[in-house]
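J.: kindly return the folded structure for what I paste below:
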Amino acid sequence: GLKEAEAEVAVLSSAGTPGVILSGSWRDTAKLRTQLLALLEFGLKAERYPELAPILEDLAKEPPRPIIAEALRLAAQSRRALAAPGEKQPQAILKAAQARNERSLARVVERLAEAPAHLERNVNPRLLLDRLFLVP
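T.: Predicted coordinates for the structure are as follows:
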């Protein structure tokens, strides 16, 4: 009963798990994905900071580990989109990939992989998010 665009988001947000789609819980992940993709796409543009700041504030209120895990998946998928330009990818992933170059996405992936260790050291989640997405 979903429209085509919404069905694509549901499949991506549920990692292909039918139970997640049927329960509707994919909508929470879809919102998170949308926020993280906006940070990947616009995080390096200072003029977009006023609209990104509320996203960062919202994310900082949530448990950071699931956010980091989802961001790592999205950044890795964006890197794959750059590496294989002919491969079919969701439009949002392509936009995030095109907004950054391979080197920038590699740094984001590296920072995201290191983020759990920073959390163990009691780092401020909001500052960590800023470093993950807003620093080139």
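J.: my guess is Ala60 contacts Arg126, does it?
T.: Yes - in this structure Ala60 lies within contact range of Arg126 using CB atoms under 8 Å: 3.8 Å. C-beta: built from backbone N, CA, C; applies to glycine.
J.: do you know the pLDDT at the spatially most central residue of the chain?
T.: Centroid check for the chain by CA atoms, centre = their mean gives Leu36 as the closest residue, at 3.2 Å. pLDDT, Leu36: 93.
J.: quick one: it from Leu52, how far?
T.: Distance of Leu36 to Leu52, computed by CB to CB, to the nearest Å: 11 Å.
J.: can you check the pLDDT for the nearest residue to Arg111 once chain neighbours are set aside?
T.: Nearest non-adjacent residue to Arg111, counting by CB to CB, 6 or more residues apart in numbering: Leu132, 5.1 Å away. On pLDDT, Leu132 comes in at 88.
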